[in-house]
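Undergrad: This is a predicted model, with the sequence first.
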Amino acid sequence: MSSSHGGTTAFDRLRARLDGQPHVCEACGFVDEAGEWEAATTGGTVEYRRECPSCGTETVRRHRL
């Protein structure tokens with residue numbers, strides 16, 4: 001079973017939604033349309049991280065499970 005947002009799990013769908021939008025760096029304003037979010041989980045939370053290719057600032061989206 002798949003979703004219109006890409007992926008079969010809630011994590012896949014959230015990542016696909018994040019990847020589907022251009023990311024504007026809050027630090028320098030660079031618009032990164034090609035980058036992807038990296039996901040990691042500790043069991044209690046899932047973190048999506050993205051690094052700006054222009055200035056290196058890391059953006060983190062954290063969700064509790």
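TA: Looks like it arrived, so ask away.
Undergrad: Against which helices or strands is the one helix or strand residue 47 maps to packed?
TA: Per DSSP states H and E, residue 47 falls inside strand 45-51. When contacts are defined as 3 or more Cβ pairs under 8 Å, 6 or more residues apart in numbering; DSSP states H and E, strand 45-51 sits against helix 10-19, strand 38-41, strand 58-64. C-beta here means a position set from N, CA and C on the backbone, and glycine is covered the same way.
Undergrad: can you give me the angle it makes with helix 10-19?
TA: Between strand 45-51 and helix 10-19, the angle formed by their directions is 30 degrees, by axes from the mean of the first three to the mean of the last three Cα atoms, to 10 degrees.
Undergrad: what comes up buried for strand 45-51?
TA: Of all the residues in strand 45-51, those buried under the rule 16 or more other Cβ atoms under 10 Å are 46, 48, 50.
Undergrad: in the protein, what spans have low per-residue confidence?
TA: Residue ranges of the chain with pLDDT under 70: 1-7.
Undergrad: Residues touching the strand holding residue 47, excluding its own?
TA: Residues outside strand 45-51 that contact it (Cβ atoms under 8 Å, 6 or more residues apart in numbering) are 11, 14-15, 18, 23, 32, 35-41, 57-65.
Undergrad: Extract the C-alpha set from it and format it as PDB.
TA: What follows is strand 45-51, C-alpha atoms only, in PDB (Å, rounded to 0.1, in the frame of the first residue of the first chain):
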ATOM      1  CA  THR A  45      12.200  10.400  18.400                       C
ATOM      2  CA  VAL A  46      12.900  10.700  14.800                       C
ATOM      3  CA  GLU A  47      15.100  13.500  13.500                       C
ATOM      4  CA  TYR A  48      15.300  14.800   9.900                       C
ATOM      5  CA  ARG A  49      18.500  16.700   9.200                       C
ATOM      6  CA  ARG A  50      19.500  18.900   6.300                       C
ATOM      7  CA  GLU A  51      22.800  20.800   5.800                       C
END
